[in-house]
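# Predicted coordinates and the sequence they were generated for:
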Amino acid sequence: MSGAPFRVAPLDAAHERDEFRCGSAALDRYLREQVTQDIRRRVAACFVALTGEQRIAGYYTLASASLLLADLPPGIGKKLPRYPTVPAVRMGRLAVDEAFTGQGLDGALLADALERAIRSEIAAYALIVDAKDDTAATFYRHHGFIPLPDTPLTLFLPLATAQASQNRGNETH
């Protein structure tokens, strides 16, 4: 359906959301009915992948979050300051329209979210995700995310690790 590259931009009122279908009624409904309120209330930011025709091919949301130091794997937690929590960015939702699955857009949106979190002037230790199921958790583990020991569907990726990986990728080009 599309071989064209996508452009990722913040969601705005001009973007048509009614035709988006990702196979999850909850994620479709969120984009149509709830996300605008979350943006207005400043509890989430939403970014959309747009086709050349301005169709929404996928989206993700980001919000401020924190991780309890005690929830991190011991080898990681002992390297951090002894604060009760460490700052993080939560990717609350990630969805790709069914017409654009199998094109790597999910990984591209994840990479875009990591890039935004790394570039932010507000300090954050990690990007956190709450995988909806084992298949989603496998996707995140494939991209280097680490499951929390007591809640394996909650995964995180230290932003320093993501940035180092990004820098290595830039050196090869």
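Received, thanks.
# contact partners of the strand or helix carrying Val35?
Element membership of Val35, judged by DSSP states H and E, is helix 35-40. With contact meaning CB atoms under 8 Å, 6 or more residues apart in numbering, helix 35-40 is reached by 11, 13, 44-46, 59, 61. All C-beta spots, glycine's among them, are computed from the backbone N, C-alpha and C.
# Put the alpha carbons of that helix into CSV.
What follows is helix 35-40, C-alpha atoms only, in CSV (Å, rounded to 0.1, in the frame of the first residue of the first chain):
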residue,chain,number,x,y,z
VAL,A,35,-5.6,11.6,23.1
THR,A,36,-6.6,15.3,22.4
GLN,A,37,-7.8,15.6,26.0
ASP,A,38,-4.5,14.1,27.3
ILE,A,39,-2.5,16.5,25.2
ARG,A,40,-4.6,19.5,26.4
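# Give the next helix or strand downstream of the longest helix anywhere in the chain.
Ranked by residue count and defined by DSSP state H, the top helix of the chain is helix 105-119. Later in the chain than helix 105-119, the nearest helix or strand by DSSP H and E is strand 126-130.
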